[in-house]
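**Student:** sequence first, predicted model second:
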Amino acid sequence: MTLKSGTIVDATTIGAPGSTKNRRKARHPEMHQTRKGKQWYFGAKLHIGVDSQSGLAHSAVLTPANVHDEHPLPQLLHGQERRVYGDSAYASQKALIHSKAPKARDFTNQRTRRAGGEVDEVQRGKNRSKSKIRARVEHVFAVVKRLWGFTKVRYRGLAKNANRAFVALALANIYLSRRRLMAAVRP
């Protein structure tokens with residue numbers, strides 16, 4: 001399996017126990033909380049870079065949940081991309097994308113509201129067509145969270161949980177490419 005021409009970047013939250021019923025009477029020291037919509041989450045955030053053609057994860061970073069999506073972006077790009085897809089959290093990162101992957105075109109979703117508050121229908125249509133490709137990253141998250149059960153961290157410390165996340169992503173790559181791996185070999 002080879003990396004093709006584009007990378008899709010996205011992040012998801014991984015919960016951590018917020019309980020203080022432990023020896024130290026404190027929450028997990030390396031995990032933090034973040035707000036998504038009107039709900040608060042305590043835990044970590046898994047940032048991944050997925051190949052836009054095959055849908056396989058090629059890079060990942062685990063950070064505390066309060067780290068914005070733009071900060072681990074340079075670690076998610078391999079530098080040979082022709083296109084970079086992302087949600088609107090990456091919209092203001094054109095210079096960073098260009099510095100890490102100089103040949104890449106920025107296909108991140110842009111905000112659709114104008115200054116007057118009216119919706120820009122042309123930009124909304126462009127975002128919709130980009131989101132059809134961007135949806136491939138959600139398949140990786142579905143396998144990692146639903147099939148492998150990585151919805152909550154299990155260990156103390158980001159390093160141990162990062163190792164577990166990387167193994168889950170490697171298994172997700174095998175699972176997502178199972179048809180290609182099991183295909184009959186032609187003589």
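**Tutor:** Nice, thanks for sending it over. Numbers count the residues shown, from 1 in each chain.
**Student:** can you get me a residue count around residue 8?
**Tutor:** By other Cβ atoms under 10 Å, 26 other residues sit near residue 8. Where you see a C-beta, it was placed from the backbone N, CA and C, and this is true even at glycine.
**Student:** and it, what does it touch?
**Tutor:** Applying Cβ atoms under 8 Å, 6 or more residues apart in numbering to residue 8 gives the contacts 49, 50, 51, 52, 84, 85, 86, 133, 134, 136, 137.
**Student:** host element of it?
**Tutor:** Using DSSP states H and E, residue 8 maps to strand 6-15.
**Student:** what's the first helix or strand after that strand?
**Tutor:** Sequence order places strand 32-36 as the next helix or strand after strand 6-15, per DSSP H and E.
**Student:** other SSEs contacting that next one?
**Tutor:** strand 39-51 (3 or more Cβ pairs under 8 Å, 6 or more residues apart in numbering; DSSP states H and E).
**Student:** now find how far off-centre the strand holding residue 8 is within its chain.
**Tutor:** The chain centroid and the centroid of strand 6-15 are separated by 1 Å, computed with Cα atoms, centre = their mean, to the nearest Å.
**Student:** any buried residues in that strand, and which?
**Tutor:** 6, 7, 8, 9, 10, 11, 12, 13, 14 (16 or more other Cβ atoms under 10 Å).
**Student:** restrict it to CA atoms and write it as CSV.
**Tutor:** The C-alpha coordinates for strand 6-15 follow below in CSV (Å, rounded to 0.1, in the frame of the first residue of the first chain):
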residue,chain,number,x,y,z
GLY,A,6,-3.6,13.7,-0.6
THR,A,7,-4.1,13.8,3.1
ILE,A,8,-7.2,14.2,5.2
VAL,A,9,-6.6,15.6,8.7
ASP,A,10,-9.1,15.4,11.6
ALA,A,11,-9.3,14.9,15.3
THR,A,12,-11.7,13.2,17.8
THR,A,13,-11.9,13.3,21.5
ILE,A,14,-11.1,10.2,23.6
GLY,A,15,-12.7,10.3,27.1
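**Student:** mean confidence (pLDDT) on it, please.
**Tutor:** Taken as a whole, strand 6-15 has an average pLDDT of 90.
**Student:** hmm, back to that, which of the contacts of residue 8 lies closest to residue 161?
**Tutor:** residue 49 (18.6 Å; Cβ to Cβ).
**Student:** neighbours of the closest one, just the number please.
**Tutor:** The tally of other residues near residue 49 (other Cβ under 10 Å) stands at 25.
**Student:** for the residue nearest to it when sequence neighbours are not counted, give its distance to residue 183.
**Tutor:** Spatial nearest neighbour of residue 49, chain neighbours left out: residue 76 (3.6 Å); criterion: Cβ to Cβ, 6 or more residues apart in numbering. Between residue 76 and residue 183 the computed distance is 29 Å (Cβ to Cβ, to the nearest Å).
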